[in-house]
Every structure is written in C-alpha cells, then in structure tokens.
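Trainee: fold the following.
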Amino acid sequence: MSEPAAVPVLELRGVYKRYGLGTPVEQEVLHGISMALQPAEFVALRGPSGSGKSTLLNIIGLLESPTAGALSLAGHSIAELDDAQLTSLRGQAIGFVFQYHHLLPAFTALENVLMPLIIAHGVVQPEDEALGRELLASVGLGKSADLAKRPGELSGGMQQRVALARALARRPRLILADEPTGNLDTVSADEVFALLRRFNREHGSACLIVTHDASLASRCDRQIDLIDGRLALPASCDQALPVRPS
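Mentor: Below is the predicted model of the structure:
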C-alpha cells in the first residue's frame, strides 16, 4: 500500500496579481501562477528584472494578497484567515532572508536573532536565549564576543549569517531567501548558501531562493524561471516545480 502524499508546504493555484484595478493604468503582473513546494525541497526561482519575482515573493510571504486564485501555506488556505491570523501564520511558518540583512543596528547579534521570539512571546525566555545562542553557534558565531557585537562591528558575511539565524529562530516550515548572497563576495556567498542548504536538509524546511547566480541555482533541487509574470517550466520534468492539475 502506497504512502499518502505529503501535504505541500506551499501551494498556489491560478494566482493573478493586478495593480490599479478599475483605473486606466490597471496592470496585470502575475498571470495565473500555479506551483507547489514540498517539505524539504530547495528550489531556485530565477527571472529578469521586471518579471514579477518580487510580487510573487510578496504574495508567497503573505505581504500582499493575490487579486485572484488560491494560496495555501502549511496546510492553511489564506482565503479563510483574517489579518491577525495571517500575521500569526507568517511569523510561525515563514523565515525571511534578504540580500540586505535588515538587522537592527542598536541591538547585538544575539538580540537580533531573538527578536522574532521576543515578538512572539513578549519577553525573552531562558529557552529562547539558549536557542538563539545555538543558532548563532551553528552559523559560526558562537563566541561570546561575536554574540555581543552590533551589526556595524560585523563583516557583510557575518551579518548575513546573523540574518539567517534570525530567520530560523522559529523553525519555519518555509524559508524565503531573496538574493541572499547577492551582496556578498564569492567565499561568503558560498558559505551562506551552504548554511541555507544545511538547515534545509537537517530541519526539513522548504526553501525558495531567488537568485541571479546560475552556479548557485544549479546546486538547488529544482530551478524555475519567471518570465513576464508566467512560470516557464523547463522541458525536463525533474527540474520543474510540482504542479497540481486544476
């Protein structure tokens, strides 16, 4: 008897996005996107500037709503959730890593990593601080001196490591990484990519990484291109994101 199919971490079905609805400048940016991301998948999303990548990532990250179509995250249909529930789901299920780390300059590396947990729990609990230290150690920043440093005292690669540890603080089901290595030198980029890959494998978090780096994209499980608001699936089915038929 076959095993039941895993529930996708992320699923989009026929997602459209239009801006300026009902005005002379109405524009459709996404044209019926259907895709799924399974647990522990590591997927590269590529596309030229203006292809709709940022809009798609904002919708997947629950920062924008689709104009039409359906989206589910971690088994939850977003159409059934109110604003408070969407905010809660975003905080619990998604870890964000950006090209520019967006660390808080007045806080230490450890405090930056703890911030999602502080927001979730209201105070720093002993187990939270222990987890923060563990995460920083896992990205090579376990020394007491490193924990106490503020972002301005860290190199670009070290800052991105802190940002990665912060993104993983709540053990998200999905990691969204938007050009996470785009502002780093080659060595630092390889290190950050390797760390993302390691957490993906060790914790089973699905990862969707936006990158222009063909070399990094080739090291992902799957690649997909977004061209003019449409997914361009490669001819080889083993490189395409899983798509559930309508």
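
Trainee: next SSE after the host helix or strand of residue 175?
Mentor: Secondary structure assigned from DSSP states H and E places residue 175 in strand 174-178. Sequence order places helix 186-203 as the next helix or strand after strand 174-178, per DSSP H and E.

Trainee: tell me the strands beside the helix or strand containing residue 35, with direction?
Mentor: Assigned by DSSP H and E, residue 35 belongs to strand 27-37. Sheet pairing of strand 27-37 (DSSP bridges) gives strand 10-19 (antiparallel).

Trainee: with just CA atoms, put the partner strand into PDB.
Mentor: Extracted as PDB, the C-alpha positions of strand 10-19 are listed here (Å, rounded to 0.1, in the frame of the first residue of the first chain):
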ATOM      1  CA  LEU A  10       3.200  25.900  -0.200                       C
ATOM      2  CA  GLU A  11       0.700  25.700  -3.000                       C
ATOM      3  CA  LEU A  12      -0.500  28.400  -5.500                       C
ATOM      4  CA  ARG A  13      -3.300  27.700  -7.900                       C
ATOM      5  CA  GLY A  14      -4.100  30.100 -10.700                       C
ATOM      6  CA  VAL A  15      -2.700  33.200  -8.800                       C
ATOM      7  CA  TYR A  16      -3.100  36.500 -10.600                       C
ATOM      8  CA  LYS A  17      -2.000  39.900  -9.400                       C
ATOM      9  CA  ARG A  18      -3.200  43.200 -10.800                       C
ATOM     10  CA  TYR A  19      -2.500  46.800  -9.700                       C
END
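
Trainee: can you give me the buried ones in it?
Mentor: 10, 11, 12, 13, 15, 17 (16 or more other Cβ atoms under 10 Å). For every residue, glycine as well, the C-beta is placed using N, CA and C.

Trainee: how about stretch 190-201?
Mentor: 190, 191, 192, 193, 195, 196, 197, 199, 200.

Trainee: and what of stretch 218-229?
Mentor: For stretch 218-229, by 16+ other Cβ under 10 Å, it's 220, 221, 222, 223, 224, 225, 226, 229.

Trainee: same question for it, mean pLDDT?
Mentor: Per-residue pLDDT over stretch 218-229 has a mean of 91.

Trainee: please compute how far it lies from its chain's middle.
Mentor: 15 Å (Cα atoms, centre = their mean, to the nearest Å).

Trainee: contacts for it?
Mentor: 28-31, 33, 35, 41-48, 51-53, 56, 193, 197, 209, 217, 231-234, 238-241 (Cβ atoms under 8 Å, 6 or more residues apart in numbering).

Trainee: hang on, isn't residue 21 packed against residue 67?
Mentor: Yes - the pair residue 21 / residue 67 is scored as a contact, 7.2 Å apart, by Cβ atoms under 8 Å.

Trainee: so between those two, which is more surrounded?
Mentor: Remark: of residue 21 and residue 67, residue 67 carries more neighbours, 15 against 9, as counted by other Cβ atoms under 10 Å.

Trainee: that one contacts residue 20, doesn't it?
Mentor: No - counting by Cβ under 8 Å, residue 67 stays clear of residue 20, with 10.9 Å between them.
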